[in-house]
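Enquirer: What follows is a predicted structure for the sequence shown.
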Amino acid sequence: MIYITGDTHRDFSRLNHVKRNKNNMVIILGDAGINYYLNGIDDEFKDILNAMNIKLFCIQGNHEERPENLVGYEEVEMFGGNVFIEKDYPNLIFAKNGELYNINGKSVLVIGGAYSIDKLYRLECGYNWFEDEQLTKDEQDYIYNKYKDKHVDIILSHTCPLKYIPAEAFVEGVDSSNVDKSMEEFLDKIEENVDYDKWYCGHFHINKTIDKIEFMYDKIDLFDQ
């Protein structure tokens with residue numbers, strides 16, 4: 001079985017009812033929290049997740065380091081595209097931005113990354129902030145040019161297209177006019193120029209469906225049901 005859920009931020013309790021089976025997989029729409037501390041704390045956490053005996057397919061969020069920036073990850077082929085895996089934790093699978101995967105018989109485009117609205121707070125307080133949290137302009141252009149005017153069954157992203165930003169989920173006290181929305185603007189271009197059947201995203205800590213886009217946070221559903 002394949003499941004899908006939103007940001008976990010190192011809290012995987014919602015997966016408790018998922019049967020422990022190496023053939024089962026949970027898609028996490030960013031901010032899994034697995035590569036956050038970048039030290040032995042992460043390794044201890046990965047040991048726990050590895051013992052769960054289910055696959056985790058993780059999209060890049062904004063509160064975590066990209067696996068390609070870390071020592072120990074290898075880029076290997078899986079689901080018809082390339083992913084990042086550490087040999088000691090083979091069930092922890094990290095998607096590569098811009099790859100098109102075949103998952104459950106569906107073509108699935110992955111576009112991770114987002115802006116951290118708490119960036120300044122994190123820097124002031126000494127909390128981790130990740131410089132590569134958003135896609136670069138070159139990465140955006142590559143993805144756009146590769147998939148423009150084409151059809152994909154499903155798009156998985158961390159944040160959402162600009163036109164679908166859920167204002168009701170804005171964090172109180174944060175001036176949204178100062179938030180970098182370049183990722184959402186880019187996803188607007190994708191939404192308008194790539195034909196798709198379904199879009200899943202996380203980031204906003206809200207469960208909501210509008211048009212063909214489903215925001216996921218703490219619920220867990222069967223994928224593409």
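Expert: Perfect, I can see it now.
Enquirer: what number of residues lie near residue 69?
Expert: Residues within reach of residue 69, counting by other CB atoms under 10 Å, total 13. C-beta: built from backbone N, CA, C; applies to glycine.
Enquirer: Show me where the protein has its helices.
Expert: Using DSSP state H, the helices of the chain run over 40-50, 119-125, 137-147, 182-193.
Enquirer: Centre of the chain to the first one, how far?
Expert: Translated: helix 40-50. 19 Å (CA atoms, centre = their mean, to the nearest Å).
Enquirer: Give me the buried positions along that helix.
Expert: 42, 45-46, 49-50 (16 or more other CB atoms under 10 Å).
Enquirer: a markdown table for those residues, including distance to residue 165?
Expert: Shown next, in a markdown table, are the buried residues of helix 40-50 (distance: CB to CB, whole Å):
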| residue | distance to residue 165 |
| --- | --- |
| 42 | 31 |
| 45 | 31 |
| 46 | 33 |
| 49 | 31 |
| 50 | 36 |
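Enquirer: now, of the helices of the chain, which is deepest in the fold?
Expert: Among those, the stretch with the highest mean neighbour count (mean count of other CB atoms under 10 Å) is helix 182-193, at a mean of 19.
Enquirer: residues in contact with residue 168?
Expert: residue 206 (CB atoms under 8 Å, 6 or more residues apart in numbering).
Enquirer: What separation do you get for it and residue 89?
Expert: 37 Å (CB to CB, to the nearest Å).
Enquirer: And for residue 77?
Expert: Relative to residue 89, and taking CB to CB, residue 77 is found at 18 Å.
Enquirer: more crowded one of these two?
Expert: Each of residue 77 and residue 89 has its neighbours counted (other CB under 10 Å); residue 89 has more, 18 against 8.
Enquirer: Against residue 85, how distant is residue 169?
Expert: For residue 169 relative to residue 85 (CB to CB), the value is 32 Å.
Enquirer: Quick check: the farthest pair among the buried residues of helix 40-50?
Expert: 42 and 50 (12.1 Å; CB to CB).
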